[in-house]
Each structure stands twice: as structure tokens, then as C-alpha cells.
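J.: Below is the sequence, then the predicted model.
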Amino acid sequence: MALLEIGTKAPDFRLRDQNGQEVTLESLRGRKVVLYFYPKDDTPGCTKEACAFRDSFEEFKSRGVEVLGVSVDDEESHRKFIEKYSLPFRLLADVNKQVVQAYGVWGEKNMYGKKYMGTNRVTYVIDENGMIAAVYPKVKPETHAKELLEKL
């Protein structure tokens with residue numbers, strides 16, 4: 001897994017959100033974007049992380065920051081996850097794994113001695129010009145949103 005480096009251009013993407021609406025990075029130009037990658041909807045760590053972003057969402061919004069979650073789950077899974085936890089931000093469905101690969105977050109994982117391929121928990125902050133401003137690998141789901149707010 002080779003993560004993108006600070007100061008490089010963030011790869012553009014074209015993904016659908018939980019409502020089937022197309023989202024591109026290009027369409028967000030002029031705004032700071034928190035693009036957080038997570039393994040799977042409605043699992044313990046991912047739920048903690050999403051709820052932490054939910055609880056801090058107004059602060060991100062007041063600073064003009066767009067929060068987007070990305071996983072390889074489909075739109076329907078995202079919709080259910082959002083409804084269950086009242087998430088106020090969009091979740092993007094990367095079912096073809098193109099974006100997780102472009103951002104270097106798809107890789108080998110190990111759980112209970114079993115190796116498998118999956119999405120690693122990584123967050124990128126993308127500046128108003130579409131450049132990588134910060135990279136956060138191996139984040140703590142519960143405290144990550146607050147950590148980001150301290151540094152934005």
C-alpha cells in the first residue's frame with residue numbers, strides 16, 4: 001500500500017453517493033475536503049468513526065469543509081448506514097475499487113491470522129486546489145474527527 005504524498009495532486013474520481021447522485025472531486029474545487037476511507041458500513045470501528053464525524057459535522061461545515069466517507073459498499077448499504085445513525089454527510093460507493101486503489105488504501109489486511117484484501121482506514125485532507133494537504137494513516141475511529149478539527 002503506497003499512500004499519496006502531501007503536495008501531490010489528488011486523483012479525481014467519479015462516484016455515486018447513497019442517493020445515486022454523482023460526486024466528483026473536480027466539482028468540490030474551491031473547498032477543503034476530508035476524504036475518509038473506511039472498511040465497511042455498520043461495523044464497530046467504522047460506526048464509531050462515522051458517528052464521531054456526525055457529532056463534529058457542524059464544526060466542519062462552519063469551516064467550509066466537505067466531509068465524504070468512501071468504502072467499497074454499495075449505495076443501498078450506505079443509505080441504510082446513514083439512516084441508522086443519522087449521518088449528515090455523504091458516503092461514496094467505490095464498488096469497483098478504483099478510488100481505493102488510486103488513493104493507495106486498498107491492501108492486504110490481517111484479522112485473527114487470516115489474510116485478506118480490504119480498505120485500510122486512512123483519511124486525506126484535500127485543499128481548495130485539489131492537492132493533498134494531509135494524510136492520516138491508521139487513525140483511531142473514536143478520536144479522529146476531533147483530531148482533524150484541531151489541525152484544520
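T.: Arrived safely, thanks for sending. Numbers count the residues shown, from 1 in each chain.

J.: Ignoring the adjacent residues along the chain, who's closest to the residue nearest the centre of the chain?
T.: Centroid check for the chain by CA atoms, centre = their mean gives residue 36 as the closest residue, at 2.0 Å. With CB to CB, 6 or more residues apart in numbering as the measure, residue 123 is the residue that lies nearest to residue 36, at 4.2 Å, once sequence neighbours are left out. To be clear about C-beta, it is placed using only N, CA and C from the backbone, and glycine gets the same treatment.

J.: ok, now residue 53?
T.: residue 145 (4.8 Å).

J.: in the helix or strand bottoming out on mean pLDDT in the chain, what's buried?
T.: When the helices and strands of the chain are compared on mean pLDDT, DSSP states H and E, strand 106-111 comes out lowest with a mean of 85. For strand 106-111, burial by neighbour count (16 or more other CB atoms under 10 Å) applies to residue 106.

J.: Would you mind identifying the next helix or strand past that strand?
T.: Secondary structure here is assigned by DSSP states H and E; on that basis, the next helix or strand after strand 106-111 toward the C-terminus is strand 114-119.

J.: Counting by contacts, list what the helix or strand just after that following strand packs against.
T.: On the C-terminal side of strand 114-119, the closest following helix or strand by DSSP H and E is strand 122-126. In this structure, strand 122-126 packs against strand 32-37, strand 132-137, helix 144-151, with contacts taken as 3 or more CB pairs under 8 Å, 6 or more residues apart in numbering; DSSP states H and E.

J.: and residue 71, which of those is closest to it?
T.: Among these, strand 32-37 comes nearest to residue 71, with 7.1 Å by CB to CB.

J.: Tell me what angle the closest one forms with strand 132-137.
T.: In this structure, strand 32-37 runs at an angle of 30 degrees to strand 132-137, with axes from the mean of the first three to the mean of the last three CA atoms, to 10 degrees as the basis.

J.: Tell me which strands strand 32-37 pairs with, and in which orientation.
T.: Partners of strand 32-37 in the sheet, by DSSP bridges, are strand 65-71 (parallel), strand 122-126 (antiparallel).
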